[in-house]
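**Q** I would like to see how this sequence folds:
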Amino acid sequence: MVLLLALPVFAAVALAHRSLQIYAPTNLLARRVRAMTPRVRTLTVLVVLASVLLVGMHVLAEAIAVGAPGWLNLVVLVLGWDAIKVSWLALGVVLRLLTLAVRRVTGRRAQPRTFFSYS
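**A** Next up, the predicted model:
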């Protein structure tokens, strides 16, 4: 019986998760960054964006400490999570840039990945 009551809740949570995966701004940014070739310009934009998110989070947290409404703590959490997410994206761009540089130096091209070897 409890399972029958929980099924609509699970469905609503799954629907909310899927819509956030599709439409949330940082998820759109992550998809776009992963799809494009890594550049230093992209890296600097991501680092600046992460810094702005961290500064905004700090300013908002200080405002809450002084007396702003408590519900703004949720905004602080979202800003912190987005800063972490963008920082990981920047780290991924750095690693992809390093991989490309090593491949250029060694003269190797990217080999297509196959699951089965026929040799």
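
**Q** top helix in this structure by residue count?
**A** In the chain, taking DSSP state H as the definition, the longest helix is helix 72-106.

**Q** I'd like the average pLDDT over that helix.
**A** For helix 72-106, the mean per-residue pLDDT is 95.

**Q** Check the chain and tell me which residue is nearest its centre.
**A** For the chain, the residue nearest the mean C-alpha position is K85 (3.5 Å; C-alpha atoms, centre = their mean).

**Q** re earlier: report the buried residues of the longest helix of the chain.
**A** 75-76, 79-80, 82-83, 85-87, 89-90, 92-93, 96-97 (16 or more other C-beta atoms under 10 Å). No exception for glycine: its C-beta is placed from N, CA and C like everyone else's.

**Q** Run through who's touching stretch 82-90.
**A** Contacts with stretch 82-90, where a contact means C-beta atoms under 8 Å, 6 or more residues apart in numbering, come from 26, 29-30, 33-34, 43, 46-47, 49-50, 53-54, 57.

**Q** Could you pick out the buried ones from these?
**A** Buried among the contacts of stretch 82-90 (16+ other C-beta under 10 Å): T26, L29, A30, V33, L43, L46, V47, L49, A50, L53, L54, M57.

**Q** Closest one of the residues you listed to P8?
**A** Comparing the buried ones among the contacts of stretch 82-90 against P8 with C-beta to C-beta places T26 closest, at 28.3 Å.

**Q** Quick check: next helix or strand after whichever strand or helix holds A12?
**A** When elements are defined using DSSP states H and E, A12 is found to belong to helix 2-23. Once helix 2-23 ends, the next helix or strand along the chain (criterion: DSSP H and E) is helix 25-35.

**Q** Give me the helices and strands touching that following helix, please.
**A** For helix 25-35, the contact count by 3 or more C-beta pairs under 8 Å, 6 or more residues apart in numbering; DSSP states H and E identifies helix 72-106 as packing neighbours.

**Q** go again using 10 Å as the cut-off
**A** In terms of contacts (3 or more C-beta pairs under 10 Å, 6 or more residues apart in numbering; DSSP states H and E), helix 25-35 is packed against helix 2-23, helix 40-66, helix 72-106.
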